[in-house]
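J.: Structure for this input, please:
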Amino acid sequence: MNTLLLLFFALPVATIILSVVLLKILKCPCLVAATFFAIYLVLTYAVVGSDFLILAIVYTILSYITAIIARAICKIITKINNCNDCNSCSNNQFQTTNTGAQAQFTVTTNQTNPVLLLGNRNNTERRQNCCFCRRR
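T.: The predicted structure follows:
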């Protein structure tokens, strides 16, 4: 009974937790999966036996999927944090708009290098972009 708990509960949970930790260190899901495969391959032939090879492959796939999901969640959290910082930088956006007969140009000075936007819109609407996520 203890072996079944180890194989079907403890090792998968440990694989999931350590996959997230290794992803933060290695920053590559393929390297995380390769590391787990190497560890489980050594365990297969040194400790458990060749019957464990199927579970080693399953745990490697679990590690890879966990690393991909964790990386996607980290990217989503980073985007959310960057877009939440837009409110703090909106005070630094200064725009000067000069319109001619047909051309319009906008100079944005919220960065170290000013940005010049050229367009031929006749309306007087001005769009201000967010500093980090370029949300309008």
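J.: ranges for the helices of this structure?
T.: Assigned by DSSP state H, the chain shows helices spanning 2-5, 11-26, 29-43, 53-84, 86-89.
J.: Can you add mean pLDDT and give the ones you listed back as a markdown table?
T.: Shown next, in a markdown table, are the helices of the chain (pLDDT from 0 to 100):
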| stretch | mean pLDDT |
| --- | --- |
| helix 2-5 | 87 |
| helix 11-26 | 96 |
| helix 29-43 | 96 |
| helix 53-84 | 93 |
| helix 86-89 | 56 |
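J.: Could you identify which of those is most buried?
T.: Greatest average neighbour count among those goes to helix 29-43 (a mean of 17), per mean count of other C-beta atoms under 10 Å. All C-beta spots, glycine's among them, are computed from the backbone N, C-alpha and C.
J.: Remind me what that helix packs against, helices and strands.
T.: Secondary-structure packing of helix 29-43 (3 or more C-beta pairs under 8 Å, 6 or more residues apart in numbering; DSSP states H and E): helix 11-26, helix 53-84.
J.: Turn those into CSV, including distance to Leu43.
T.: Conversion of the helices and strands packed on helix 29-43 to CSV gives the following (distance: least, C-beta to C-beta, whole Å):
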stretch, distance to Leu43
helix 11-26, 9
helix 53-84, 7
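J.: Out of these, which is closest to Tyr45?
T.: Distance to Tyr45, taken as C-beta to C-beta, is lowest for helix 53-84 among those, at 8.4 Å.
J.: residues touching the residue nearest to Thr66 when sequence neighbours are not counted, list them.
T.: What sits nearest to Thr66 in space, not counting adjacent residues and going by C-beta to C-beta, 6 or more residues apart in numbering, is Ser19, at 4.1 Å. Taking C-beta atoms under 8 Å, 6 or more residues apart in numbering, we find Ser19 in contact with Val32, Phe36, Leu62, Ser63, Thr66, Ala67, Ala70.
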